[in-house]
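Colleague: next comes the sequence, and after it the predicted model I'd like to discuss.
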Amino acid sequence: MKKIALITGASSGIGKEFAKIHAEKGGDLVIVARSEGKLKALKTELESAHNINVTVIVKDLTDSNAAQEIYEEVKAANLKVDYLINNAGFGGLGRFDKRDLQTDLNMIQLNISALTALSHHFLQDFVMRNEGKILNVSSTASLVAGPLQAVYYATKAFVTSFSNAIAEELHDTNITVTNLMPGATETDFGSTSGMDKTEIFEKTASARSVAEDGYTAMLKGDLDIMSGLTFAQKLMMKMAPFMPKKAILKRIRKMQTVS
């Protein structure tokens with residue numbers, strides 16, 4: 001029987017690549033995003049190429065009711081989700097006190113609240129069946145604090161901590177929770193957040209390579225997977241725990257300053 005993967009933020013970037021990878025393996029899909037046109041185009045492309053079924057759910061996950069509505073629509077369609085891939089998220093560059101507050105609150109809603117709610121809803125079904133996989137897309141940003149992206153880094157710290165914690169809670173089940181931590185990736189994130197003009201985005205990984213790393217790790221049931229880091233970034237991640245915090249914060253601020 002075909003596995004069904006529900007993917008949020010599936011209209012572009014890493015989420016779109018997750019959808020393509022799962023379709024290539026013969027799995028059915030539930031794809032979620034705000035852009036109806038892009039989702040329908042992806043549905044047509046994947047169904048014709050791979051002889052699968054793709055269900056489109058148009059939803060804005062910054063809406064506090066969206067996660068519940070998605071779950072109800074899936075149940076009403078009598079679909080059994082096997083893989084939940086919480087990929088949707090966004091960031092934004094700038095000093096916290098100068099940024100628009102509602103934008104940052106929407107970021108918290110999408111990056112934290114929606115991910116948490118969807119995980120809770122579908123985990124109920126996974127536990128009942130004693131099977132299922134969750135893949136949460138966090139970031140290497142989750143491992144440090146992020147001057148000039150204070151809220152974004154903090155939301156990703158939540159995702160990593162939350163994912164690791166519930167993975168251990170489920171240690172005696174057949175359910176796994178995997179935490180994907182990409183570095184700078186070639187997606188719309190860079191341009192929409194303003195990060196494309198910073199040092200961090202001088203070298204980016206392809207969305208496909210990051211999605212492949214994450215999808216493979218999810219199937220294996222790995223706890224954490226980093227992807228798309230340059231050698232210098234890998235070195236910095238390894239050194240970070242041993243460096244003075246003020247030095248790390250200063251370095252990150254400079255890396256995120258628009259040139």
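Modeller: It's in. Here the structure is a predicted model, which means the values were calculated and not measured. Residues are numbered from 1 along each chain as shown.

Colleague: which residue ranges form the strands in this structure?
Modeller: All strands of the chain, identified by DSSP state E, fall at 4-8, 28-33, 54-58, 83-86, 132-137, 175-182, 185-186, 205-206, 224-227.

Colleague: mind putting those into a markdown table with mean neighbour count?
Modeller: The way it works is simple: take the backbone N, C-alpha and C, and place the C-beta from them, glycine included. Listed next are the strands of the chain as a markdown table, based on neighbours: other Cβ atoms under 10 Å:
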| stretch | mean neighbour count |
| --- | --- |
| strand 4-8 | 25 |
| strand 28-33 | 27 |
| strand 54-58 | 18 |
| strand 83-86 | 28 |
| strand 132-137 | 25 |
| strand 175-182 | 25 |
| strand 185-186 | 20 |
| strand 205-206 | 16 |
| strand 224-227 | 19 |
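
Colleague: let's have these in TSV, adding distance to residue 122 and mean pLDDT.
Modeller: Formatted as TSV, these follow (distance: least, Cβ to Cβ, whole Å; pLDDT from 0 to 100):
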stretch	distance to residue 122	mean pLDDT
strand 4-8	7	98
strand 28-33	11	98
strand 54-58	13	98
strand 83-86	5	98
strand 132-137	7	98
strand 175-182	10	97
strand 185-186	25	63
strand 205-206	28	82
strand 224-227	21	93
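
Colleague: of all those, which one is nearest residue 93?
Modeller: Among those, the nearest to residue 93 by Cβ to Cβ is strand 185-186 (15.8 Å).

Colleague: dump the strands of the chain to TSV, plus distance to residue 42.
Modeller: Below are the strands of the chain laid out as TSV (distance: least, Cβ to Cβ, whole Å):
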stretch	distance to residue 42
strand 4-8	10
strand 28-33	6
strand 54-58	7
strand 83-86	14
strand 132-137	18
strand 175-182	20
strand 185-186	18
strand 205-206	18
strand 224-227	22
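
Colleague: out of those strands, which gets nearest to residue 169?
Modeller: Between residue 169 and the strands of the chain, the tightest spacing by Cβ to Cβ is seen for strand 175-182, at 8.8 Å.

Colleague: quick one: closest of the strands of the chain to residue 159.
Modeller: Here strand 132-137 is closest among the strands of the chain (Cβ to Cβ), at 5.4 Å.

Colleague: low-confidence regions, the stretch 51-200 of the chain specifically.
Modeller: Within the stretch 51-200 of the chain, the stretches with pLDDT under 70 are 185-200.

Colleague: just the helices in it please.
Modeller: Ranges of helices within the stretch 51-200 of the chain are 66-76, 101-108, 115-129, 150-169, 189-193, based on DSSP state H, counting those that start in this stretch.

Colleague: still on that earlier bit, for residue 113, find the nearest of the strands of the chain.
Modeller: The closest of the strands of the chain to residue 113 is strand 83-86. By Cβ to Cβ, the value is 11.4 Å.

Colleague: that closest one pairs with which strands, and in what direction?
Modeller: Take DSSP bridges as the rule and strand 83-86 pairs in its sheet with strand 4-8 (parallel), strand 132-137 (parallel).

Colleague: any chance of the ones you listed in a markdown table with distance to residue 60 as columns?
Modeller: A markdown table is the format used below for the strands paired with strand 83-86 (distance: least, Cβ to Cβ, whole Å):
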| stretch | distance to residue 60 |
| --- | --- |
| strand 4-8 | 11 |
| strand 132-137 | 18 |
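
Colleague: quick one: closest of those strands to residue 181.
Modeller: Evaluated with Cβ to Cβ, those place strand 132-137 nearest to residue 181, the distance being 8.5 Å.

Colleague: next, the angle from that closest one to helix 115-129.
Modeller: Interaxial angle, strand 132-137 versus helix 115-129 (axes from the mean of the first three to the mean of the last three Cα atoms, to 10 degrees): 160 degrees.
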